[in-house]
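Peer 1: Here's a sequence, model it:
(one chain, ligands or ions: 1)
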Amino acid sequence: MAQPMIDVRDVAKRFGDNVVLKQINLHLPAGRVLGLIGPSGAGKTTLVKSILGMEKVDAGTTTVLGTQMPNRQIMQKIGYMAQSDALYETLTARENLRFFGELMGVKGPALAKSITHVAQVVNLTAMLDRRVSAYSGGMKRRLSLAIALIADPDLLILDEPTVGIDPELRQQIWAELRTLKQHGKAILVTTHVMDEAERCDELMLIREGIALAQGTPTQLKQEYAVDTIEQVFLKAGRLQDENHSDR
Ligand SMILES: Nc1ncnc2c1ncn2[C@@H]1O[C@H](COP(=O)(O)OP(=O)(O)OP(=O)(O)O)[C@@H](O)[C@H]1O
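Peer 2: Numbering: from 1, shown residues only. Sure thing, here's the model as predicted:
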């Protein structure tokens, strides 16, 4: 089998007494979209940061592109969109894209071409030369996504990429993610939006730091004998509450 783009083995993490991740296992091959869904505080961002090597795990390993994390070189190969935007407000969007593109090794005409493409994907072409300080929250999210895409990375890790983005553009962004996966990219995405969860090839339901269920949306609906992912989630949560033996 081809080497997974992300391989998480038995990862555990706590902040003081707060156990945030318990024995998480996750494998993401090329050409797949894996959705991480769970309520606020479930541990999604902590898992994402553990995968990136930004958070030190207490047990287990996270391997990305065949290399155990943390690793600075590998980090530069990942298209990462954080939950909060890290943008240079005094620069224009184009300058931000140029800066982050160069940081990831894209230069010259290739960079100019990539800026044009990613700006189109997130619908910011007309606003590229405006300072980011004048951007709305949604525009900043879109620019953060464009930055994650700028170097055409093999692996994208997107933490709630469509928060504050209107439904039409959300469709456009998901169409782009689909195209990217068809080109063999691997995509890990966290989301609260259930119709986005339905678009993932595979889902991991995470609650109180525990991976409650994992599988394709169809498999999960069958397993829990329900019609929607939202119902899967609610049912899995109820079962977890009834069975406290895993705490
Ligand atoms: N740096 C930190 N120090 C202490 N506790 C933290 C830290 N980061 C996260 N936590 C705690 O870890 C738990 C999981 O947080 P995390 O941000 O991973 O959840 P999440 O599933 O991403 O939530 P949301 O959907 O709201 O973003 C929470 O209880 C949070 O308070």
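Peer 1: The biggest helix by length in the chain packs against which elements?
Peer 2: Identified as the longest helix of the chain according to DSSP state H is helix 167-182. Counting contacts by 3 or more C-beta pairs under 8 Å, 6 or more residues apart in numbering; DSSP states H and E, helix 167-182 is packed against strand 33-37, helix 108-121, helix 137-149, strand 186-191, helix 194-199. From N, CA and C alone the C-beta is placed, and that goes for glycine too.
Peer 1: Just the CA atoms of the last one, as CSV, please.
Peer 2: These are the backbone C-alpha positions of helix 194-199, laid out as CSV (Å, rounded to 0.1, in the frame of the first residue of the first chain):
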residue,chain,number,x,y,z
MET,A,194,-22.9,18.8,8.2
ASP,A,195,-23.4,19.1,4.5
GLU,A,196,-19.6,19.5,4.2
ALA,A,197,-19.1,16.4,6.2
GLU,A,198,-21.3,14.5,3.7
ARG,A,199,-18.8,15.6,0.9
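Peer 1: Could you pull out the helices in the chain for me?
Peer 2: Ranges of helices in the chain, per DSSP H, are 44-52, 72-75, 93-103, 108-121, 137-149, 167-182, 194-199, 217-224, 229-242.
Peer 1: The ligand contacts on the protein?
Peer 2: For the chain, the residues in contact with the ligand (C-beta under 6 Å from any ligand atom) are 15, 18, 20, 38, 40-46, 83.
Peer 1: Can you name the two of those that sit furthest apart?
Peer 2: Asn18 and Gln83 (18.4 Å; C-beta to C-beta).
Peer 1: Between these two, which has more neighbouring residues?
Peer 2: Taking other C-beta atoms under 10 Å, Asn18 and Gln83 do not tie; Gln83 has more neighbours (16 against 10).
Peer 1: List the contacts of stretch 165-179.
Peer 2: 33, 121-123, 138, 141-142, 145, 149, 156, 161-162, 187, 189, 193, 196, 199 (C-beta atoms under 8 Å, 6 or more residues apart in numbering).
Peer 1: Got a quick ChimeraX command for the buried subset of those residues?
Peer 2: Here is the ChimeraX command that selects only those of the contacts of stretch 165-179 that count as buried (16 or more other C-beta atoms under 10 Å):
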select :33,121,122,123,141,142,145,149,156,161,162,187,189,196
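Peer 1: quick one on the thing from earlier: Throw the helices and strands packed on helix 167-182 into TSV and include mean pLDDT and distance to Val57, thanks.
Peer 2: TSV is the format used below for those (pLDDT from 0 to 100; distance: least, C-beta to C-beta, whole Å):
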stretch	mean pLDDT	distance to Val57
strand 33-37	96	16
helix 108-121	95	32
helix 137-149	92	23
strand 186-191	95	16
helix 194-199	89	25
